[in-house]
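> okay, here's the prediction I keep looking at, along with the sequence it came from:
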Amino acid sequence: MKAVSNQQSAAGIIYHTIFTLMISIFILTISTNNASAELSMKANHDDIKIDFFYHGSTVSVAGEADAGTDLIIKIASPEGHEVLKQKGKVAGFLWMNTGTLNFEKTPNLYSIYSTKDIDAILGADDMDKYVIGYPALSRHVEIAPVSNEDERTKWFNEFVKYKESSNLYKASSGKILISEKDGRQSYYILTSWPYQAPPGDYLVTIYSVKDKKIIEQKEAKVLVEQVGIIKTLAGMAKNNGALYGLLSIAAALGAGFGVGLVFRKGGGAH
């Protein structure tokens, strides 16, 4: 009986050892797979300060992704409401405001960068789900009043033209620099940050794409804030309009007086 008991004990130890080994291998395999699929991102500029000499900035986005995946970077502000004035001829010869167009769910800033053309690497379902690309943004934005789809498309295209001319909307492909090593790829892009973008929180998102599906994404925030005298003047204009108006008049008078002095001096020299 003792020999049988020892044999059962030994079998139990072997079974326990094998079971523990299999669990360890399983956990190690999962960990390894997760590590290889990990997407990383870092935006170099997470706090842009608007001071007296501010005229825009730059933001670089860099990180690593699995080799063989395509990448899409989206930089966008929170969605909001925008209004555009319609102009048209009145009485056959007068160009005047003839109406107002309301755009809802529109980001004030919207930039898309991708390793290849969006249409070639991402399916329509994910484009719409993550609002990637102008066609997806067109379907996402609400425009009123419009009488039909053609009119809606026309005004959305005009809206994008207006935003692009203000450097607030941008879409391009092939500008993300890629280098591969040991089954991983490093990416980098340097983007210009327009001075027209108002203070606020912005979101930078990197999407890893494979087989026309987004398989992973990472996010980072960029804060744009006013500082120094710009912040003081903006706060005064918002909270104390009368004082801001008096200071503006005093500044204009001082500038005019200074220009007058310069011209008088110039006239005397001749």
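The structure has been received and is ready for your questions. Residues are numbered from 1 along each chain as shown.

> give me the buried positions along the strand or helix carrying L203.
Element membership for L203 (DSSP states H and E) is strand 200-210. Of the residues in strand 200-210, those with enough neighbours to count as buried (16 or more other Cβ atoms under 10 Å) are 202, 204-209. From N, CA and C alone the C-beta is placed, and that goes for glycine too.

> just the residues contacting it, thanks.
Strand 200-210 has contacts (Cβ atoms under 8 Å, 6 or more residues apart in numbering) with 39, 41, 43, 59, 61, 63, 65-66, 68-78, 108-109, 121-122, 126, 130, 132, 214-224.

> could you turn the buried ones of the residues you listed into a ChimeraX selection?
Applied in ChimeraX, the following selects the buried portion of the contacts of strand 200-210 according to 16+ other Cβ under 10 Å:
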select :39,41,43,59,61,63,65,66,69,70,71,72,73,74,75,76,77,108,109,121,122,126,130,132,214,218,220,222,224
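
> mind checking which of the contacts of strand 200-210 are in helices?
In this view, these that belong to helices under DSSP state H are 121, 126, 130.

> would you reformat those as TSV and include pLDDT?
Output for those, formatted as TSV (pLDDT from 0 to 100):
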residue	pLDDT
I121	97
D126	98
Y130	98
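
> strands of the stretch 101-250 of the chain, start to end?
110-114, 142-144, 169-173, 177-181, 184-193, 200-210, 213-226 (DSSP state E, counting those that start in this stretch).

> now render these as TSV, adding distance to A136.
Below are these laid out as TSV (distance: least, Cβ to Cβ, whole Å):
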stretch	distance to A136
strand 110-114	10
strand 142-144	14
strand 169-173	11
strand 177-181	24
strand 184-193	20
strand 200-210	13
strand 213-226	12
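
> what about those strands, which gets the closest to K85?
Closest to K85 of the strands of the stretch 101-250 of the chain, according to Cβ to Cβ: strand 142-144, at 14.0 Å.
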